[in-house]
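J.: Sharing a sequence plus its predicted fold:
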Amino acid sequence: MAVTLNQRAYDHARRLVAEGAVVDDDRDAWSEHRPSPQQENAFIAEHGYGEYGRWHLGVDDEHGAETKAHYKFPYGDFVRVHRCGLLAAESRAGQRGYTDIELAVAHLHGMVEERRALKEPRTAE
């Protein structure tokens with residue numbers, strides 16, 4: 001299986017994070033926050049596989065671009081980036097040895113954490 005970084009999705013995610021379209025959720029929330037198969041199907045029916053692909057950081061060239069199986073490592077809910085989705089993608093990419101995806105997700109995760117740090121009140125020492 002040849003899974004590689006989906007540069008288009010990575011660029012889309014970077015834009016979203018820079019614009020603040022991020023859900024700052026907990027690590028374990030992805031199973032509840034990720035789109036359901038029904039939501040995915042509705043999104044594809046309305047927007048097509050091209051737009052669906054922008055929400056997945058990996059592509060699998062063993063499957064056609066007009067299939068869900070072609071797209072791996074989802075990171076958002078079709079509106080915003082989810083911190084928990086990035087953490088899940090980063091962990092899975094690392095476990096499977098997809099270094100290009102792991103590094104891209106780590107960068108996105110860093111961007112989210114930087115935004116998070118800017119929001120937190122600073123304490124006097």
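T.: It's in.

J.: Provide a list of residues in contact with Val22.
T.: Neighbour list for Val22: 16, 80-83, 112, 115 [criterion: CB atoms under 8 Å, 6 or more residues apart in numbering]. Where you see a C-beta, it was placed from the backbone N, CA and C, and this is true even at glycine.

J.: Can you list which of those residues are found in strands?
T.: Members of those lying in strands (criterion: DSSP state E): 81-82.

J.: In JSON lines, list the contacts of Val22 along with pLDDT.
T.: Below are these laid out as JSON lines (pLDDT from 0 to 100):
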{"residue": "Leu16", "pLDDT": "98"}
{"residue": "Arg80", "pLDDT": "97"}
{"residue": "Val81", "pLDDT": "97"}
{"residue": "His82", "pLDDT": "97"}
{"residue": "Arg83", "pLDDT": "96"}
{"residue": "Val112", "pLDDT": "95"}
{"residue": "Arg115", "pLDDT": "88"}
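
J.: which one of the contacts of Val22 is nearest Arg34?
T.: Of all those, His82 has the smallest distance to Arg34: 7.7 Å, by CB to CB.

J.: burial count for that closest one?
T.: The tally of other residues near His82 (other CB atoms under 10 Å) stands at 23.

J.: Can you give me the distance of it to Met111?
T.: Plainly put, His82 is 13 Å away from Met111 if you go by CB to CB, to the nearest Å.

J.: same thing with Ala2?
T.: The value you get for Ala2 to Met111, if CB to CB is used, is 27 Å.
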